[in-house]
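1. okay, sequence plus prediction incoming.
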Amino acid sequence: MDRTKYQELVSTFFEWNQSELVKIFAELLSAAAAENALTPAQIMSQNYETARANPEIHELPGNLKDARDAIFPYFWGTDSWNNPLHLENVRGPANQASLIGAIACLLKNPNLCTDRYSQRSNELEVKAITALANLIFYHTIDPWGVFTIGGTISNLYGAKIGLEKCVPGTMKTGVYGRRIVGICSQAGHYSNQTVAGWLGIGTSNLIEIPTDANLSMRIDKLEETLDRLYREKTLVAYICATHGTTDGFGIDDIQSIRQCAELKAKEYSVTMPQIHCDAAVGWTMAVLTDYDRTRNPLKFEPGLLKMIEKTQTQNVGLRYADSITIDFHKFGRGHYPSSAFIVNQKEDLKYLARTVNDTPYFSDADASRDPALFTLECSRPAIGPYAVIASLNGIGLAGWQMLVGRSLELAERLKERLAKVEHCKVLNAGTTGPSVNWWVLPKGRNAQEIFERLERDELTAEQRQRYVKEIRHLFDKRLKTMDAALDARLGFTTSFGYCPNGHDIPAWKAVFFNPRTTDEIVDRIVASIEEL
Ligand SMILES: *Cc1c(COP(=O)(O)O)cnc(C)c1O
């Protein structure tokens, strides 16, 4: 081997060349900043055709600029999610405190599998989990948890604990032949399906309970379902409640769900299912739990204080969950992947525990500190803890309260404006959160009346189909005719979660995660609808 060339290679790619790195970081930062001036319509289109045909690898060793050039076309001009006109989905801009945390993490590149691989980053994970647990479970005594790569995986942990509780030993023996079900609501996230499928329970054994008009699981239907399942000798491993459904921000009443499950478990002498809470989106509302509405230190308006009062009542429900999923990369405006799975009682993690015999190369692992002994993952990134602690402390609790408060205000403003338009109907008027779901029908139609007839099942199949088509058609029409520099980009869902008489209800959708979205942008949405 040519030793000189080898030394050059090592020096270029494995030593800190600070000035070179800072220069390239500055260039990328400038490019990202310049991109902010673009409208969402100007993003560069994909070129999938040659992505597969030309997966080139350079022949000779280059330098850090080659690394930059290789990725730059896919970096520049391709993502406008920081733009305040983006309201499509539960994705907002990541905050800059999170950026500092995430970059620090990348520079150290810890692996959270065991504390030998991550040093103090593992301690940071414990701190981040405990901080989040205190917000959510409200000063709980013995919480524990881990960061995962997404809400789907965090939900998987909750379901897996339930499975082990209700059929001990499945980690070793599998579930063979037994009918085991999981339960969530009809407005629950599709990751519930993913989890049931991947756990071996089977998607057809995920029971979805209907919700009321506010997207909250119907307790009467839950009770009926548990009775039926237990009479059939079916095992119920878990109930996954949702705190903040993805489309309409429905909140399940976890206290009542727990009460109902406890009663039925006792009545049929079966093991209590795991009560897991999917708060991937909704956990962030917990920053409002302690807000003093009387002193009102942040001078919130009366309308917002009312919403906070309701939120504080709903947040109490979180304390009744055994375990919880939170996504810091959604309403938390953190970097991907920053999801956490948290149990209220550390003891519950024993259901996931393996021994060092199962994990040979962690033979010196200590079960009290080393997550690898119970996590699904082996290598595990630390972006989550770094993003969470940097964001929580950079922004501060009062900062978080302002950010969440503003999201609620913007959503409420849109709801109020839309409620005044006869051919529009706000579908999630009864939920308090950052998202709005609504119908737009052709002018001349009374959307409220049509909705009531749908709820009473008075519409024929043809009528339902026609209205669904009209709602979609008007959405597409706005998309074609809108001014990309002025009009917000909205989302569309084919079923927002409430399904009266089993009928899926489509909806237009806006999610207010971007703190730079303005009142004018909201008002312009309504104007653009009137112009259709
Ligand atoms: C987004 C979402 C999930 C899935 O989370 P990922 O981080 O995307 O895997 C689960 N539940 C709810 C309610 C969600 O909104």
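-> Cool, got the structure.
2. which single residue in the chain comes nearest to the ligand?
-> For the chain, the residue positioned closest to the ligand under CB to the nearest ligand atom is Gly151, at a distance of 2.4 Å. C-beta coordinates here come from the backbone N, C-alpha and C atoms, glycine included.
3. skipping adjacent residues, who's closest to that residue in space?
-> For Gly151, the nearest residue in space outside its immediate sequence neighbours is Ala280; the separation is 3.6 Å by CB to CB, 6 or more residues apart in numbering.
4. also Leu64?
-> The spatial neighbour of Leu64 that comes closest, neighbours along the chain excluded (CB to CB, 6+ apart), is Glu20 at 5.5 Å.
5. and that neighbour, that one's in a helix?
-> Yes - assessed by DSSP: H, G, I helix; E, B strand; the rest coil, Glu20 belongs to a helix.
6. check Phe362 and give its pLDDT.
-> The predicted structure scores Phe362 at 67 on the pLDDT scale.
7. do Thr39 as well
-> Reading off the per-residue confidence, Thr39 sits at a pLDDT of 85.
8. give me the neighbour count for it.
-> By other CB atoms under 10 Å, 15 other residues sit near Thr39.
9. for Glu208, helix, strand, or coil?
-> At Glu208 the chain is in strand, as set by three-state DSSP.
10. burial check on the residue nearest to it when sequence neighbours are not counted, number of neighbours?
-> Distances taken as CB to CB, 6+ apart put Gln186 closest to Glu208, at 4.6 Å, once the chain neighbours are dropped. When neighbours are counted by other CB under 10 Å, Gln186 registers 20.
11. where along the stretch 51-200 of the chain do the helices fall?
-> 64-75, 96-108, 115-118, 120-133, 151-166, 170-173, 191-199 (DSSP state H, counting those that start in this stretch).
12. where among those helices is average confidence lowest?
-> helix 115-118 (a mean of 85).
13. from the contact counts, what lies against it?
-> Where contact means 3 or more CB pairs under 8 Å, 6 or more residues apart in numbering; DSSP states H and E, helix 115-118 is packed against helix 120-133.
14. contacting residues around the helix it packs on?
-> Helix 120-133 is contacted from outside by 105, 108, 110, 112, 114-115, 118, 140, 143-147, 283, 326, 340, 342, 344, 369-371, 382, 384-386, 388-389, 392, using CB atoms under 8 Å, 6 or more residues apart in numbering.
15. again, 6 Å this time
-> 110, 112, 115, 140, 143, 145, 340, 342, 382, 385, 388-389, 392 (CB atoms under 6 Å, 6 or more residues apart in numbering).
16. shouldn't Ser379 be within a helix?
-> No - if the criterion is three-state DSSP, then Ser379 is coil and not within a helix.
17. confidence score at it?
-> The predicted structure scores Ser379 at 95 on the pLDDT scale.
18. pretty sure it contacts Asn111?
-> Yes - under the criterion of CB atoms under 6 Å, Ser379 makes contact with Asn111 at 5.2 Å.
19. distance of Asp253 from Pro515?
-> Here Asp253 is placed at a distance of 30 Å from Pro515 (CB to CB, to the nearest Å).
20. more neighbours: these two, which one.
-> Ranked by neighbour count (other CB under 10 Å), Asp253 and Pro515 place Asp253 first, with 19 against 15.
21. ok, that one - contacts?
-> Asp253 makes contact with Gly317 under the criterion CB under 6 Å, 6+ apart.
22. give me phi/psi at it?
-> With angles defined as degrees, to the nearest 10, Asp253 shows backbone torsions of phi -90, psi 90.
23. follow-up on the earlier one: and Ser379 and Asn111? Which one has more around it.
-> Neighbours of Ser379 and Asn111, each counted by other CB under 10 Å, are more numerous for Asn111; the result is 17 against 10.
24. would you mind measuring from the nearest residue to Leu206 once chain neighbours are set aside to Val181?
-> Of all residues not flanking Leu206 in the chain, Ala196 sits nearest, at 4.0 Å (CB to CB, 6+ apart). As for Ala196, its distance to Val181 is 8 Å (criterion: CB to CB).
25. quick one: which of these two has more around it?
-> Ala196 (26 against 22).
26. of the contacts of helix 120-133, buried ones?
-> Neighbour-count burial (16 or more other CB atoms under 10 Å) is assigned, among the contacts of helix 120-133, to 110, 112, 115, 143, 145, 340, 342, 382, 385, 388-389, 392.
27. just put those in a markdown table and tack on distance to Ser435.
-> A markdown table is the format used below for those (distance: CB to CB, whole Å):
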| residue | distance to Ser435 |
| --- | --- |
| Pro110 | 35 |
| Leu112 | 32 |
| Asp115 | 39 |
| Pro143 | 28 |
| Gly145 | 26 |
| Ala340 | 22 |
| Ile342 | 24 |
| Ala382 | 30 |
| Pro385 | 28 |
| Val388 | 23 |
| Ile389 | 27 |
| Leu392 | 23 |
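28. out of those residues, which touch the ligand?
-> Intersecting the buried ones among the contacts of helix 120-133 with the contacts of the ligand gives an empty set (criterion: CB under 6 Å from any ligand atom).
29. tell me the least confident of these?
-> When these are sorted by pLDDT, the bottom entry is Asp115 at 84.
30. which residue packs closest to that one, ignoring adjacent ones?
-> If the residues on either side of it in the chain are set aside, Asp115 comes closest to Asn122, at 4.1 Å by CB to CB, 6+ apart.
31. mind listing what's buried in the lengthiest helix in the chain?
-> If each helix of the chain is counted by residues according to DSSP state H, the longest one is helix 383-419. Applying a neighbour-count criterion of 16+ other CB under 10 Å, one finds 383-392, 395, 399-415, 417-418 buried in helix 383-419.
32. who in the stretch 201-350 of the chain is up against the ligand?
-> If contacts are counted using CB under 6 Å from any ligand atom, the residues of the stretch 201-350 of the chain sitting beside the ligand are 242, 246, 278, 280-281, 327, 339.
33. going by distance to Gly317, which of those residues wins?
-> Proximity of those to Gly317, judged by CB to CB, is greatest for Thr242, which lies at 10.9 Å.
34. surely that closest one and Tyr190 touch.
-> No - checked against CB under 6 Å, the pair Thr242 and Tyr190 is beyond contact range at 11.8 Å.
35. ok, the two, which is more surrounded?
-> Thr242 (30 against 10).
36. which residues touch the more buried one?
-> Contacts were defined as CB under 6 Å, 6+ apart; by that measure Thr242 touches 188, 252, 278.
37. what sits against the closest residue to Ile342 other than its chain neighbours?
-> With sequence-adjacent residues excluded and distances taken as CB to CB, 6+ apart, Ile342 is closest to Gly145, at 3.5 Å. With contact set as CB under 6 Å, 6+ apart, Gly145 has these partners: 129, 340-342.
38. and what of Ile395?
-> Remark: with contacts taken as CB under 6 Å, 6+ apart, Ile395 is in contact with Ala97.
39. the same query, at a cut-off of 7 Å, please.
-> 95, 97 (CB atoms under 7 Å, 6 or more residues apart in numbering).
40. with Asn205 instead?
-> For Asn205, the contact set (CB under 7 Å, 6+ apart) comprises 179-181, 196.
41. test my guess that the residue nearest to Glu208 contacts Pro210.
-> Yes - taking contact to mean CB atoms under 7 Å, the distance of 5.3 Å between Gln186 and Pro210 places them in contact.
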